[in-house]
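**Q** how would this look folded up:
(one chain, ligands or ions: 1)
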Amino acid sequence: MIGVLYVNTLPTVPVDAFSLLVPILLALVSVTYIAFSKMLGTHHSYPQGEQSLSKTCFDVLVNILDQQRKKIAISLSNYNTQPNKSRPPPIPMVSLRPGDRTHDKEYHENQDKFLTRCLAEAGPVFKLSMHHLQIIVVSDEYIREMFLNENFSNVDALNELMGVKTFLHMLIKSGKNNDARIQNSIILEHLTPNLGKYQAEMVGALESALVKEFRLSTEKVYEKESQGGKERLVMNPVAIFESMVGKSTSTVFMGAEVANNPEVLETFVMSMHDFANVMGLNDLDLPFWRRWLNLKLNYFNNPLKRRVQILAKAATPVILERRQREARLINESADAPEFLKQRPHDILQKMLDRFDEYGFIDLEDICGHIMLLILTSVHTTIDASTAMVYYLAAYPETIPVLHREQVQVLDAIQQERQQERSSRLEKGLEVNVDLLDPAHDRDLTSAALKRMIHLESFQREVLRCRTEALTHFHMARKETLLSNGMVIPTYSMMLANLTSTHANNSAAHGPNPGEFQPWRYVGTHKTMTKVGVDYLPFGMGKHVCPGRFMASQQSKTLVSLIVSKFEKIAFHDPSQAAHVLRTQYGDVSKPALVFTSRE
Ligand code: HEM
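**A** Model (predicted):
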């Protein structure tokens, strides 16, 4: 991070002083650390092969020193060769509001208003001073260039800002060289194609968690007499959605037997909180050295490593039991269809079945990879689903429309299945109980969800309107030319300006794109998962979110269950409504809601 700051300001700042400062600072820290360790008697020479805390710490520091040295050398060489080239157009810095020293405050006051001012003053590519960094912001079509050019990397940006790679690599033993590729392959090959099969389990898990958590959350609060107990105040509604998504994701990833373990549920829900604490994600004003120190200390006491062990411990007896069951079926010479029917189909089982193909080392390694899946999937889905429920509260007219649509779709499906049964009976054909059981006529299947076009439009519109306007950090791996001739220097930090594509873009979104219009996409083919430069909650290009289909199905089911059980949702304090309708980095506001049940 220091490297980025200094390198970005090279042309105007005396580079020698700063470039020396970085290694000196780090050398000082390492020397002080070793001196301290010697004083405390912790800096020993260990027999070969044994890694001491101080040696590892020293190695990390030497490594960082070396990386900083290389970066400074590359930047200097780039800078020194500049005068020979024809000078590219400079990237303008947006003026500061009188009295402000950075752009943070003005941005947080009104994201779209501020970015509209930036576009008018500086054009589609400009510099801002935010988050303790100098950041290059790209708008409109230049966002596509940022996503599609491999010289700009999201993973490298997160790694540079937070050292996230090394920290996450401590959780796994295999597949460290191809970041996110094992997760991508599991999602693409095993999760997404089977979403229809997982749906019944997801509905069961979401519904049972909703009923249980709703009862627990409202126990100590009032029930309004006037409504005959139908109105309930929930002080922390997010806790309900955390349990719902945690329970349903753990069931899909590890099977119901493992997911029933309370420690596993806690791991699914809390891992991202641990991660955010270590990375200092909830406090953007944390000085860089505190963030760095926090991370280094947690290398040796990684809270997520303990959570991985919890998953492995909970999975062990279940896997043994599965093996015994399989052996029994083989002994009993069960036929192939029966054998396959009895086989668990959760992601854990798929990973065990392809143990060699993926090159896993042991069960803990598999659980480490599941942890990486948890970190990408659970919190993001909780966050999106929570936003959808807050939008239901802010726009109460949406609930009757979504409820009516749900009833109509389920009525139609029930009727179709009834007709199919009658027609088969008339023709003297057998009725397949597995496929046409009347008890499942009104299930919230993925086919039923696909017919709910108002729900689809509502979800896409919520994500379009609430996604942070400056988002998707990318770092330039090397000096890169944009199509407008501007040069992005190596190690620059970049952000996409979504105001230009999400909020100020009537060509893509129709009239009044600055307003929330829940039915904007009804009758179009624009679903929640269809990404493009005009809709970027899931990114785009090679690293586009592969889990968005599960996220969509899960959040649709969650919202459907909520509108089927509650006829009205309202903010306990209406003045808080506006505050939660737009994401703000590091913001954890969770206003209380009043739910009015249908029964
Ligand atoms: C509403 C929920 C979700 C949102 C908003 C979301 C958003 C994102 C974004 C913005 C990225 C980065 C894309 C880029 O760099 O271009 C991403 C990547 C990723 N997401 Fe999601 N995500 C969600 C749910 C999920 C779920 C449920 C899973 C897993 C089942 C998942 C798995 C991943 C993985 C593995 C990556 C890394 C892809 C790569 O680097 O190639 N996400 N997601």
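
**Q** and the closest residue to residue 195 other than its chain neighbours, what are its phi and psi?
**A** Spatial nearest neighbour of residue 195, excluding adjacent residues (Cβ to Cβ, 6 or more residues apart in numbering): residue 553 at 5.4 Å. (Glycine included, C-beta is placed from N, CA and C.) When read as degrees, to the nearest 10, the backbone of residue 553 gives phi -60, psi -40.

**Q** tally of neighbours for residue 553?
**A** 24 (other Cβ atoms under 10 Å).

**Q** Now that we're looking at it, what pLDDT does it have?
**A** What the model reports for residue 553 is a pLDDT of 98.

**Q** Over to the one 10 residues further on?
**A** The score at residue 563 is 98. That number is its pLDDT.

**Q** May I ask which helix or strand encompasses it?
**A** helix 548-565 (DSSP states H and E).

**Q** what packs against that helix?
**A** Applying 3 or more Cβ pairs under 8 Å, 6 or more residues apart in numbering; DSSP states H and E, one finds that helix 548-565 makes contact with helix 195-218, helix 237-254, helix 363-394, helix 398-426, helix 446-450, helix 453-466.

**Q** Can you say which of these is packed in most?
**A** Counting by mean count of other Cβ atoms under 10 Å, helix 237-254 has the highest mean neighbour count of the helices and strands packed on helix 548-565, with a mean of 25.

**Q** what about that one, near the ligand?
**A** No. On the criterion Cβ under 6 Å from any ligand atom, helix 237-254 is out of touch with the ligand, staying 7.4 Å away.

**Q** Pull out the buried residues from the helix or strand harbouring residue 310.
**A** Taking DSSP H and E as the criterion, residue 310 maps to helix 303-331. By neighbour count on 16 or more other Cβ atoms under 10 Å, the buried set for helix 303-331 is 304, 307, 308, 310, 311, 312, 314, 315, 318, 319, 322.

**Q** and what of stretch 138-153?
**A** The neighbour-count check on stretch 138-153 (16+ other Cβ under 10 Å) flags 138-140, 142-147, 149, 151-153 as buried.

**Q** and that stretch, average pLDDT?
**A** For stretch 138-153, mean pLDDT rounds to 96.

**Q** dump the residue contacts of the spatially closest residue to residue 396 that is not a sequence neighbour.
**A** Closest residue in space to residue 396, ignoring its immediate chain neighbours: residue 568 at 6.2 Å, by Cβ to Cβ, 6+ apart. Applying Cβ atoms under 8 Å, 6 or more residues apart in numbering, we find residue 568 in contact with 396, 399, 595, 596.

**Q** circling back to that earlier point, could you dump the helices and strands packed on helix 548-565 into CSV with mean pLDDT and distance to residue 86 added?
**A** Below are the helices and strands packed on helix 548-565 laid out as CSV (pLDDT from 0 to 100; distance: least, Cβ to Cβ, whole Å):
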stretch, mean pLDDT, distance to residue 86
helix 195-218, 94, 53
helix 237-254, 97, 54
helix 363-394, 96, 43
helix 398-426, 96, 55
helix 446-450, 97, 54
helix 453-466, 97, 40
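
**Q** measure the residue nearest to residue 195 to residue 525 for me?
**A** Separation of residue 553 from residue 525 (Cβ to Cβ, to the nearest Å): 18 Å.

**Q** If we only consider the buried residues of stretch 138-153, which is nearest to residue 338?
**A** Within the buried residues of stretch 138-153, proximity to residue 338 (Cβ to Cβ) peaks at residue 147, which comes in at 47.7 Å.

**Q** Would you agree that closest one is in contact with residue 531?
**A** No. Residue 147 is beyond contact range of residue 531, at 9.6 Å (criterion: Cβ atoms under 8 Å).

**Q** circling back: list just the nearest of the buried residues of stretch 138-153 to the ligand.
**A** Proximity of the buried residues of stretch 138-153 to the ligand (Cβ to the nearest ligand atom) peaks at residue 147, which lies at 6.0 Å.

**Q** So which residues on the stretch 101-250 of the chain come close to the ligand?
**A** Within the stretch 101-250 of the chain, the positions adjacent to the ligand are 147, 154, 180, 183, 184, 187, 191 by Cβ under 6 Å from any ligand atom.

**Q** what about stretch 551-562 and the ligand, touching?
**A** Yes. Interface with the ligand: stretch 551-562 contributes residue 551 (Cβ under 6 Å from any ligand atom).

**Q** Contacts made by that stretch with the rest, please.
**A** By Cβ under 8 Å, 6+ apart, the list of residues contacting stretch 551-562 reads 195, 199, 202-203, 206-207, 210, 241, 244-245, 248-249, 377, 380-381, 384-385, 388-389, 392, 402, 406, 444, 446, 449, 452, 455-456, 458-459, 527-529, 545, 569.

**Q** Three-state assignment for residue 129, please.
**A** Three-state call for residue 129 (DSSP: H, G, I helix; E, B strand; the rest coil): strand.

**Q** The residue lying closest to it once chain neighbours are set aside in helix, strand or coil?
**A** Spatial nearest neighbour of residue 129, excluding adjacent residues (Cβ to Cβ, 6+ apart): residue 102 at 4.6 Å. The three-state label given to residue 102 by three-state DSSP is coil.

**Q** Kindly report the same for residue 134.
**A** Assignment for residue 134 (three-state DSSP): strand.

**Q** I'd assumed residue 590 was in contact with residue 237.
**A** Yes. Contact criterion Cβ under 8 Å: residue 237 and residue 590 qualify, at 6.9 Å.
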